[in-house]
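1. any chance you could fold what I've pasted below:
(2 chains, ligands or ions: 2)
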Amino acid sequence: MCLGIESTAHTFGASIVNDGRIITNVNRTYRPPPGIGIHPRKASEHHVTVSEDVVAKAIKSPNGHQFHPDIIAYAAGPGLGPCLRIGATVARALASFLDRPLVPVHHGVAHLDIAMSLGKARDPLAVLISGGHTAMLVHLNNRWRVYGETQDITLGNVLDMFGREAKLPPPGGRSVEDLAKRGHRLLDLPYTVKGNDVAYSGLLTAAVNMFHKGAGVEDVCFSLQEIAFSMLSEAVERSLVQTRRDEVVVAGGVAANSRLREMLESVAKDHDASFYQVPVEYSGDCGAQIACSGSLAFKHGAKVSNADSYVIPRWRMDEVDVPWVPRN
Amino acid sequence: MGASKLEMEPFHRGAEANLFLSTIDSWKVVVKQRISKAYRNASLDDKIRRERTLSEVSTMHDAKAAGVKAPSITGVEAETDTFSMTFVDGTIARDCLDGMSPREATTLFEKLGAMIGLLHSGGIVHGDLTTSNIMVTLERDPFLVDFGMARRSSDPEDRGVDLHLLQLSIVTSHLKDASPLVKALATGYSKTAGRAIHESSWAKAREISRRGRYFAIR
Ligand SMILES: Nc1ncnc2c1ncn2[C@@H]1O[C@H](COP(=O)(O)OP(=O)(O)O)[C@@H](O)[C@H]1O
Ligand SMILES: [Mg+2]
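-> Ligands and ions are numbered 1, 2, ... in the order given. Just a heads-up that it's a prediction; the model follows:
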């Protein structure tokens, strides 16, 4: 039984996973005031405030029974330094109090671990799309390899930043999706795919300019989505053909967009690949991903002493050994 | 082109296009037709297929003029996003690289490097330089295909993308160790690209793989 603690960015979460089953998953997300981005220190103050309550809830079953985790896993990176340190401190305290091993987890690897567990994927092309990531990865020679990614801002950034510029109610992704349903005219916005990478900042700037010049917001949202999602779908399609995987798993909060899901599913189908998308409650940052990944990592020998339990704000995914993929 | 090809089964269904075998006189040719993507908005889809077909035809032609081994264009039909080219008798590197001896593989990559050097010094970048788009003949000569993303550019960044992507496609799709291949590639490249282009392209390629954008922005 593993207790996992997430605190890489705006979410503080804790979760119990037992034998691959998610038992509890408690998360609280810091919401900055409208129109303002996430401030690391403010978010970390939020995490301090909620941490005790979140952990207490996570280790209690609905009938009041207390769980006794065998392992304490925490997200060691990548993420915002002040936020990461809160999670690590809480995990360290629990590990020494309960006298249990402490397991550092890579947040991005954890997104993929929970996606693969839930989707029963063996060796997929993984598409990670969230506020922090826009990347396509495959596992080869013991590590996840980033095969394509955004060269500048993430897809989550594009939608949120447009939402902010156009003064749409947050979260931007949801507002853009709703407005896009009422748009139908495809405006001429830049489409940039370089090899397997995409670049979004030119598209964002052009969309914002069109909006300020008076183009209908529905049409701008519609066009922004169509172009941004087509770019990603094309990159995914290229990656799928080159890497020859027959499974696609999609993780990350932005993947909740139904138009994007429809496009990615269509790409997978065209290439006879199975398609799995993580349900919303596990696709955003959450404790369950850390508990899930921590269990797997511990089985393969990962653990640190309290003294060595650093956080790594910039931790590349291709620096982490992941011997538990492909799954059997 | 036209009618005859439509009755045939494609010999290859790729990421973007269906490819058919045909003949012109006694020459084998390959007909490449970009197919519409169900996921894409129809007008965007039309625009992308038209642009890519036209740029593929012209850059493939320019690449040959720069001394690169690539198919020769034998016909174009823009309205149907179709063109034909001479048939290359070979296998894609994606399929034959892992079966090669280390020696054969480094020899191939040195030749390949020299060819990419010619392409780049001719002011062209490929844009989708993966082992799926490099064909290897029986004589173990590399040919470049799939110029849909290619364009004229003398920006070191674009050349860096070519070199970076090729390395990445080895790391993500092949069991072979990439480093001796990349070394051979650079040796070949330096022989044809000229010193300035050689240095700026590889500096960019290294910069691109160091960027690790995915992790920094969180
Ligand atoms: N001129 C050619 N001669 C022989 N085979 C070719 C030729 N051009 C392409 N092919 C084969 O068809 C495949 C797909 O062609 P490509 O141009 O790469 O299209 P796609 O955009 O679908 O990847 C290549 O990987 C190669 O196997
Ligand atoms: Mg190709």
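2. now do the strands in chain B.
-> B:12-13, B:17-24, B:27-34, B:73-77, B:82-86, B:90-92, B:124-125, B:134-137, B:142-144, B:151-152 (DSSP state E).
3. where does the residue nearest to A:Ser96 when sequence neighbours are not counted land on pLDDT?
-> Once flanking residues are discounted, A:Ser96 sits nearest to A:Asn306: 5.8 Å by CB to CB, 6 or more residues apart in numbering or on different chains. Any C-beta I mention is one placed from the backbone N, CA and C, and that applies to glycine too. For A:Asn306, the pLDDT comes out at 83.
4. show me what from chain B comes close to ligand 1.
-> Counting by CB under 6 Å from any ligand atom, chain B comes close to ligand 1 at B:12, B:14-17, B:19, B:30, B:32, B:71, B:85, B:87-88, B:92, B:132-133, B:145-146, B:148.
5. for the longest helix that chain B contains, which residues meet the burial criterion?
-> Longest helix of chain B, by residue count under DSSP state H: helix B:42-65. Using 16 or more other CB atoms under 10 Å in any protein chain shown as the test for burial, helix B:42-65 gives B:44-45, B:48-49, B:52-53, B:55-60, B:62-64.
6. tell me which residues are up against it.
-> Residues outside helix B:42-65 that contact it (CB atoms under 8 Å, 6 or more residues apart in numbering or on different chains) are A:186, A:191, A:226-227, A:230, B:16, B:32, B:34-37, B:40, B:70-73, B:76, B:78, B:81-83, B:85, B:119, B:122, B:124, B:144, B:146-152.
7. quick one on the thing from earlier: quick one, which of the residues of chain B next to ligand 1 are buried?
-> B:14-17, B:19, B:30, B:32, B:71, B:85, B:88, B:92, B:132-133, B:145-146, B:148.
8. quick check, nearest of the residues you listed to A:Val90?
-> B:Ala15 (45.7 Å; CB to CB).
9. find the closest residue to ligand 1 in chain B.
-> B:Gly14 (1.8 Å; CB to the nearest ligand atom).
10. rewinding a little: contacting residues for the residue nearest to A:Ser96?
-> A:Arg92, A:Ala95, A:Ser96, A:Leu102.
11. ok, the residue nearest to B:Leu21 when sequence neighbours are not counted - how many residues close by?
-> In space, and not counting its chain neighbours, B:Leu21 is closest to B:Phe11: 5.5 Å by CB to CB, 6+ apart. Using other CB atoms under 10 Å in any protein chain shown, B:Phe11 is surrounded by 11 other residues.
12. now swap in B:Ile24 and tell me
-> 12.
13. tell me who's in contact with it.
-> B:Thr74, B:Gly75, B:Ser84.
14. can you tell me which residues contact the residue of chain A found nearest ligand 2?
-> Shortest chain A-to-ligand 2 distance, computed as CB to the ion: residue-wise this is A:Val241, at 7.2 Å. Taking CB under 8 Å, 6+ apart, we find A:Val241 in contact with A:His271, B:Gly14, B:Ala15, B:Ser132.
15. may I have the beta-bridge partners of residue 17?
-> If you meant another chain, say so; for now it's chain A. A:Cys2, A:Ile22 (DSSP bridges).
16. if you could check chain B rather than the one you did, that'd help
-> Beta-bridge partners, per DSSP bridges, of B:Ala17: B:Arg34.
17. next, name the residue at the spatial heart of chain A.
-> A:Gly252 (3.7 Å; CA atoms, centre = their mean).
18. rewinding a little: roughly how far apart are the residue nearest to B:Leu21 and B:Phe20?
-> Taking CB to CB, to the nearest Å as the measure, B:Phe11 and B:Phe20 are separated by 7 Å.
19. cool, A:Leu240 as well?
-> 22 Å.
20. now swap in B:Val161 and tell me
-> Counting by CB to CB, the gap from B:Val161 to B:Phe20 is 30 Å.
21. neighbour count winner among the two?
-> B:Val161 (27 against 22).
22. could you double-check that that one lies in contact with A:Lys194?
-> Yes. With contact defined as CB atoms under 8 Å, B:Val161 reaches A:Lys194; the gap is 5.4 Å.
23. pull up the overlap in contacts between those two.
-> In contact with both B:Val161 and A:Lys194: B:Gly127, using CB under 8 Å, 6+ apart.
24. which one is A:Ser149 nearest to, not counting chain neighbours?
-> You called it Ser, but residue A:149 is Glu. A:Ala135 (4.0 Å).
25. what does the pLDDT read for that neighbour?
-> 92.
26. next one: A:Gly195
-> Reported pLDDT for A:Gly195: 82.
27. show me what contacts it?
-> A:Gly195 sits in contact with A:Gly148, B:Gly127, B:Asp128, B:Leu129, B:Thr130, B:Met149, B:Val161, B:Asp162, B:His164, B:Leu165, where contact means CB under 8 Å, 6+ apart.
28. looking at those, which are in helices?
-> Those of the contacts of A:Gly195 lying in helices (DSSP H): B:Val161, B:Asp162, B:His164, B:Leu165.
29. report pLDDT for the third one.
-> Model confidence at B:His164, expressed as pLDDT, equals 94.
30. how about it, what does it touch?
-> B:His164 touches A:Gly195, B:Lys204, B:Ala205, B:Ile208, B:Ser209, counting by CB under 8 Å, 6+ apart.
31. thinking again about what came up before, out of the ones in helices among the contacts of A:Gly195, which is nearest to A:Val220?
-> Distances from A:Val220 to the ones in helices among the contacts of A:Gly195, taken by CB to CB, are shortest for B:Val161, at 29.2 Å.
32. state the number of residues packed around residue 182.
-> You didn't say which chain, so I picked chain A. 12.
33. you answered for a different chain; I wanted chain B.
-> 19.
34. that one contacts B:Gln167, doesn't it?
-> Yes. Judged on CB under 8 Å, B:Val182 makes contact with B:Gln167 at a distance of 5.6 Å.
35. biggest separation within the ones in helices among the contacts of A:Gly195, which pair?
-> Going by CB to CB, the pair spanning these furthest: B:Asp162 and B:His164, at 7.3 Å.
36. and the residue in the stretch 151-300 of chain A that ligand 1 sits nearest to, what element?
-> Taking CB to the nearest ligand atom, ligand 1 has its nearest neighbour within the stretch 151-300 of chain A at A:Val241, 6.6 Å off. In the assignment (DSSP states H and E), A:Val241 maps to helix A:217-243.
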